[in-house]
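Engineer: here is my input, please return the structure:
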Amino acid sequence: MKADERFENPAGIMQGGFLAAFCDSSMGASAVTFAQGRKVNVANAEMKISLMRAVQTGSLLTCTATVTSGGKRVAFLEAEVRDDEGRLVAKATSTYLYRDRK
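Structural biologist: Numbers count the residues shown, from 1 in each chain. Model prediction:
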């Protein structure tokens with residue numbers, strides 16, 4: 001995802017909320033994939049993010065999300081965001097709750 005100028009703060013760097021939303025979207029998709037064919041809705045119960053370095057506008061960011069543990073009702077995930085030079089810019093953890101859907 002490109003670090004778009006719409007999400008920069010007055011100092012000219014990306015807002016932490018932009019990075020948090022990127023992590024949340026990636027982890028949510030990973031949680032759904034982990035459900036392996038079950039029809040589920042997922043809800044983020046909590047999330048922690050550590051911002052490791054400033055992200056400049058225009059940077060190309062990649063987020064990798066992984067389920068570290070999970071079951072039928074809950075999944076625990078981690079995500080890392082790296083810039084176009086491979087530097088770690090953010091790391092997040094989250095708990096997602098599953099709800100079956102019809």
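
Engineer: only C-alpha atoms from now on, for both contacts and neighbour counts.
Structural biologist: Will do.

Engineer: residue 83 against residue 61, yeah?
Structural biologist: Yes: Residue 83 lies in contact with residue 61 (CA atoms under 8 Å); the separation is 4.6 Å.

Engineer: buried set for stretch 63-81?
Structural biologist: 63, 65-67, 70, 74-81 (16 or more other CA atoms under 10 Å).

Engineer: give me the element the residue nearest in space to the middle of the chain is part of.
Structural biologist: The chain has residue 23 as the residue nearest its centroid, 1.2 Å off, counting by CA atoms, centre = their mean. Element membership for residue 23 (DSSP states H and E) is helix 16-34.

Engineer: alpha carbons of that helix, in PDB - could you do that?
Structural biologist: What follows is helix 16-34 as a C-alpha-only set of coordinates in PDB (Å, rounded to 0.1, in the frame of the first residue of the first chain):
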ATOM      1  CA  GLY A  16      -0.100   6.100  13.400                       C
ATOM      2  CA  GLY A  17      -3.800   5.500  12.900                       C
ATOM      3  CA  PHE A  18      -3.100   4.800   9.200                       C
ATOM      4  CA  LEU A  19      -0.600   2.100  10.100                       C
ATOM      5  CA  ALA A  20      -3.000   0.700  12.700                       C
ATOM      6  CA  ALA A  21      -5.800   0.400  10.100                       C
ATOM      7  CA  PHE A  22      -3.400  -1.200   7.700                       C
ATOM      8  CA  CYS A  23      -2.500  -3.800  10.300                       C
ATOM      9  CA  ASP A  24      -6.100  -4.300  11.300                       C
ATOM     10  CA  SER A  25      -7.200  -5.000   7.800                       C
ATOM     11  CA  SER A  26      -4.400  -7.400   7.200                       C
ATOM     12  CA  MET A  27      -4.900  -9.300  10.400                       C
ATOM     13  CA  GLY A  28      -8.700  -9.500   9.900                       C
ATOM     14  CA  ALA A  29      -8.200 -11.000   6.400                       C
ATOM     15  CA  SER A  30      -5.700 -13.500   7.900                       C
ATOM     16  CA  ALA A  31      -8.200 -14.400  10.700                       C
ATOM     17  CA  VAL A  32     -10.900 -15.100   8.100                       C
ATOM     18  CA  THR A  33      -8.500 -17.300   6.000                       C
ATOM     19  CA  PHE A  34      -7.500 -19.200   9.200                       C
END
